[in-house]
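> below are the sequence and a predicted model for it; my questions follow.
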Amino acid sequence: MTGETRLCPDCGAGYAPEDNYCRQCGMYVAALRTLPVTTPPAAAAVATVRPGLPTPVKKAATAIAVGTALQVGVGLAGRYMARQAARQALAAVKPARRARPAGATPAPAQDPVEGAAGISEMLLIRRVWLRRD
């Protein structure tokens with residue numbers, strides 16, 4: 001203990017600077033102490049933490065970006081391929097157009113076979129499997 005005493009602001013009794021509580025009234029006097037102020041070294045104050053996002057977040061963001069790009073690319077490629085397949089199918093079904101001379105009138109349509117009729121047929125098959133255990 002040092003020889004210096006201070007007075008309690010609540011009861012006026014003396015207390016030592018090392019005391020946490022007043023011995024007379026029990027007031028918390030440790031909060032009244034003056035503490036020395038220290039300044040951190042300049043290098044420690046300027047040190048920065050690595051900028052940017054944490055590694056798991058970076059990996060997740062990269063994976064999402066790649067996945068989105070793949071979905072868009074596959075979707076566009078699929079549409080292109082479907083369109084090309086439809087064009088080829090139509091080209092195979094349609095007869096080739098011949099260029100008509102300018103001013104020529106189209107010939108009237110003629111039946112290739114006299115008395116023939118067109119027949120359209122649809123066949124539906126339904127297969128049902130019954131499984132008994």
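Here it is on my side, so go on. Numbers count the residues shown, from 1 in each chain.

> lowest-confidence helix or strand of this structure?
Ranked by mean pLDDT, DSSP states H and E, the helix or strand of the chain with the weakest confidence is helix 42-46, at a mean of 57.

> any idea which helix or strand comes after it?
helix 55-93 (DSSP states H and E).

> domain-wise, how is this protein divided?
Under the assignment automatic domain parsing, the domains of the chain span 1-37, 53-93.

> could you give the separation of the first one from the chain centroid?
What it means is domain 1-37. With C-alpha atoms, centre = their mean, to the nearest Å as the basis, domain 1-37 stands 59 Å off its chain's centre.

> give the buried residues for that domain.
Residues 8, 15, 19, 22, 27, 29 are the ones in domain 1-37 that count as buried (16 or more other C-beta atoms under 10 Å). C-beta here means a position set from N, CA and C on the backbone, and glycine is covered the same way.

> quick check, the last one in contact with Cys22.
Yes: Val29 is within contact range of Cys22, at 5.4 Å (criterion: C-beta atoms under 8 Å).

> please enumerate the shared neighbours of the two.
Common neighbours of Val29 and Cys22, counting by C-beta atoms under 8 Å, 6 or more residues apart in numbering, are 8, 15.

> follow-up on the earlier one: can the domains of the chain go into a markdown table with extra columns for distance to Met122 and mean pLDDT?
Shown next, in a markdown table, are the domains of the chain (distance: least, C-beta to C-beta, whole Å; pLDDT from 0 to 100):
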| stretch | distance to Met122 | mean pLDDT |
| --- | --- | --- |
| domain 1-37 | 94 | 85 |
| domain 53-93 | 18 | 87 |
